[in-house]
Every structure is written in C-alpha cells, then in structure tokens.
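In: 3D model of this:
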Amino acid sequence: MSRKEIKAEAKDKLRGNWGWAVLVFFIDFIVCSILAGGVTAGTHNGSWKYKMSLLNPEYYYKYGTTSTIMGIITGFIALSLVISFLNFRDGKKDGVLKAAFSSFTNGRFGPEIINYLLSTVFTYLWTLLLIIPGFIKSYSYAMTPYIVSDMVASGKTVQATSGITASRKLMDGHKMELFVFNLSFLGWFIFGLITLGIGFLWLVPYYQTSRANFYRALAGSQFK
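Out: Take a look at the predicted model:
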C-alpha cells in the first residue's frame, strides 16, 4: 500500500467519526497538560524563591527527576492514542473514555509500560553516543506499542523486550519509509502551529489513523 493510499484510507475511516476522534485526543491532551502544568507550577512557585533555587545544584536534580517521571507518565497516557486508533482502524471503536485511557485497559498496562520504558531507555542510551544513531533507533522501536497491543489482544505472552525486538525486525528496511511518511505531515504540522494549536485537533487523529494503517500494511496480522 502506497503512502497516498494509507492516508486516503485514514480519511475514509475518519469520515463520520471525527467527533469521536477529536474528543479522544482532546481528553488525553487536557490530562497531560494538567499534569505537566502542575509540575511546572509546583517547581516555580514563588518568583524570588524560584530565582534563588537556580543557584542551588540540588534544584536541577529535583526538577530534572520530577520532569523525567512526569514525562514518562504523560508519554504513557499519550500512548493510549496509538492503541485506540489502531483499534479504531481495525473496526473496534471503544467508548471515548476507554479509548482515551486504552493503555491502562484489557491487560495492556504491564506489557505496554515495560516495553515503553525499555524502548525509551534504549533510545536515550543510543542518543548519548551520537544523535543520529539515537534517531535511527527511535524508528527501529517505533512499532513497539502496536505490536504489544496486538500480542496482548491475541492472548500471547509478552516479555519485557518482546515488542522492542519484533519492532526492530519489522522496521528493518522500512525506517526511511516511515521517516518520509512522517515528513509528509510537515505541512499539516505547520498549519497546526499557525492556528495556535487548534489545527492539531484534526491533525493528530488523522496522523494516528494513518500511522495505524502504516503499521497494519507492514505487519498484517502476524502478531495477532
């Protein structure tokens, strides 16, 4: 399936389902924004106190640790978009709230979060060596949550690196293809920025549905 066909199929799938898709994304966006905003507000509480804390090395340790943990939490919540839009693409549209927090449902939490954490750590370690190898590895692991979701849904046993290993093999020879696919949404991303973020309400569902199509075209049902 060509990139054009993948995106056209996503548009067809979303026709008549835009309200659901936008609402699922909006709920996740609000939850993640509240969590991230709470960390920032709590850390920067009090202008003079905040300025003085910048002189204390301990501040950077505490703030860095808190931000990292919160980044992991919000990232995992956002992972629900990957799962819910894959289900949607496969004809299994969950209720809005269940879809918005799908990474926590149907036995996915353990397998998804372990593979998510390890893929994040592996990518970070590769990035410490050089930026480009880390970037390439991020594409190697890109299909991990989709694969884990398929494996969990089919009742297969998911080990700590099952999704990561399978994604690495699946993406062998297809990383550039995914990079070009992502690049094809650049114009939409710029449009989202120009509209002060409003455009992302439509871009994210469109992108997630298209990406789910990309995965299914590549993997088929081999992990189900």
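
In: centroid-nearest residue for this protein?
Out: residue 79 (4.3 Å; CA atoms, centre = their mean).

In: the helix or strand where that residue lies: which residues count as buried?
Out: Under the criterion of DSSP states H and E, residue 79 resides in helix 57-89. For helix 57-89, burial by neighbour count (16 or more other CB atoms under 10 Å) applies to 63, 70, 73-74, 76-89. Heads up, the C-betas are built off the backbone N, CA and C, glycines and all.

In: what about residue 93, which SS state?
Out: coil (DSSP: H, G, I helix; E, B strand; the rest coil).

In: could you export stretch 107-123 as PDB, CA atoms only?
Out: Output of stretch 107-123 as PDB, limited to C-alpha atoms (Å, rounded to 0.1, in the frame of the first residue of the first chain):
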ATOM      1  CA  GLY A 107      -4.400  -6.200  30.500                       C
ATOM      2  CA  ARG A 108      -2.200  -3.900  28.400                       C
ATOM      3  CA  PHE A 109      -0.700  -1.800  31.300                       C
ATOM      4  CA  GLY A 110       2.100  -4.100  32.300                       C
ATOM      5  CA  PRO A 111       3.300  -5.200  28.900                       C
ATOM      6  CA  GLU A 112       2.900  -1.800  27.400                       C
ATOM      7  CA  ILE A 113       4.700   0.200  30.100                       C
ATOM      8  CA  ILE A 114       7.600  -2.200  30.400                       C
ATOM      9  CA  ASN A 115       8.300  -2.200  26.600                       C
ATOM     10  CA  TYR A 116       7.600   1.600  26.600                       C
ATOM     11  CA  LEU A 117      10.100   2.300  29.400                       C
ATOM     12  CA  LEU A 118      12.800   0.000  27.900                       C
ATOM     13  CA  SER A 119      12.500   1.400  24.400                       C
ATOM     14  CA  THR A 120      12.700   4.900  25.900                       C
ATOM     15  CA  VAL A 121      15.900   4.000  27.800                       C
ATOM     16  CA  PHE A 122      17.500   2.200  24.900                       C
ATOM     17  CA  THR A 123      16.800   5.200  22.600                       C
END
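
In: who's in contact with that stretch?
Out: Contact partners of stretch 107-123, identified using CB atoms under 8 Å, 6 or more residues apart in numbering, comprise 72, 75-76, 79, 83, 102-103, 134, 137-138, 141, 144-145, 148-149, 151-152, 158, 160-164, 167.

In: one step back: how close does the closest residue in space to the residue nearest to the centre of the chain that isn't next to it in sequence sit to residue 145?
Out: Sequence neighbours aside, residue 103 is the residue nearest to residue 79 in space, at 4.6 Å (criterion: CB to CB, 6 or more residues apart in numbering). Remark: distance between residue 103 and residue 145 (CB to CB, to the nearest Å) = 8 Å.

In: what is in contact with the two at once?
Out: Common neighbours of residue 103 and residue 145 (CB under 8 Å, 6+ apart) are 79, 83, 112.

In: give me the average confidence score over stretch 112-129.
Out: The average pLDDT within stretch 112-129 is 91.
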